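*Asks:* this is a predicted model, with the sequence first.
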Amino acid sequence: MPAASDGAISGASEPETPEAETSEPYAAEPARRHTAEVRVEWEALRRRAVELMERAYAPYSHFRVGVAGLVDDGRVVAGCNVENAAYGVTLCAECGMVSELHATGGGRLTAVYCVGGDGQALMPCGRCRQLLWENGGPDCLLMTPEGVLPMSAVLPQAFGPDNLRHAEG
Ligand SMILES: [Zn+2]
């Protein structure tokens, strides 16, 4: 299958473009595209997030979460929450997504859609906003219950990599 031909960035109105299996871990790294060239297909991202939400491991809270993110080269990465009998060890869906991001070639997140069990937009927890900031920065777009917002609005005055650079003098 062609890499990076995901529905989230493909042309406009092809019905039912299969959007799974976008990232082949050992495939050659596709050429990076500038963020502005990648058109965000929010509904495709939402569908992918819902697919992952349905795979969540949430036997304790029954609060299932899925998330999908568009990478600046057109890949789509995704994750689901994974609970643990030791509650504090629970992994948010964004943890899995960020792991897939790096495991499949890295890059920057440009758009993220997180959903709850109802398939609707769900705000990432505070910790996960930090994850999105690290891997997408202030311009990464997030679908929220109030519409699309940049991370700079979702995590204002964020602590991030720049702070550490400044500390080095
Ligand atoms: Zn979280």
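*Replies:* Yes, it's here. Note that this is a predicted model, so its numbers are computed, not measured.
*Asks:* residues in contact with the helix or strand of the chain with the lowest mean pLDDT?
*Replies:* Every helix and strand in the chain was compared by mean pLDDT, DSSP states H and E; the lowest is helix 161-167, with a mean of 87. Contacting residues not belonging to helix 161-167 are listed as residue 134 [CB atoms under 8 Å, 6 or more residues apart in numbering]. From N, CA and C alone the C-beta is placed, and that goes for glycine too.
*Asks:* and the closest residue in space to residue 113 that isn't next to it in sequence, what element?
*Replies:* Nearest residue to residue 113, sequence neighbours excluded (CB to CB, 6 or more residues apart in numbering): residue 45, at 4.1 Å. Per DSSP states H and E, residue 45 falls inside helix 42-53.
*Asks:* mind listing residues that contact that helix?
*Replies:* So helix 42-53 is contacted by 6-8, 17, 19-20, 64-70, 76, 78-80, 93, 96, 111-117, 119, 121, 143, 148 (CB under 8 Å, 6+ apart).
*Asks:* what's the offset of that helix from the middle of its chain?
*Replies:* Relative to its parent chain, helix 42-53 has a centroid offset of 10 Å by CA atoms, centre = their mean, to the nearest Å.
*Asks:* list the buried residues for it?
*Replies:* 44-53 (16 or more other CB atoms under 10 Å).
*Asks:* ditto for stretch 112-121
*Replies:* 112-117, 121.
*Asks:* point out where this protein drops to low pLDDT.
*Replies:* For the chain, residues meeting the criterion pLDDT under 70 lie at 1-38, 168-169.
*Asks:* SS state for the residue most central in space within it?
*Replies:* The centroid of the chain falls nearest to residue 69 when counting by CA atoms, centre = their mean (2.7 Å). Using DSSP: H, G, I helix; E, B strand; the rest coil, the structure places residue 69 in strand.
*Asks:* who's in contact with it?
*Replies:* Contact analysis of residue 69 by CB under 8 Å, 6+ apart lists 45, 76-78, 97, 101, 109-113, 136.
*Asks:* how about 7 Å then?
*Replies:* Contacts for residue 69 (CB atoms under 7 Å, 6 or more residues apart in numbering) come out as 76-77, 97, 101, 109, 111-112.
*Asks:* for these, which one is nearest the ion?
*Replies:* The shortest gap between the ion and any of the contacts of residue 69 belongs to residue 97, at 10.5 Å (CB to the ion).
*Asks:* for that closest one, what are its contacts?
*Replies:* 67, 69, 77-79.
*Asks:* kindly indicate which of the residues you listed lies nearest residue 153.
*Replies:* Proximity of these to residue 153 (CB to CB) peaks at residue 69, which lies at 17.4 Å.
*Asks:* alright, that wraps it up for me.
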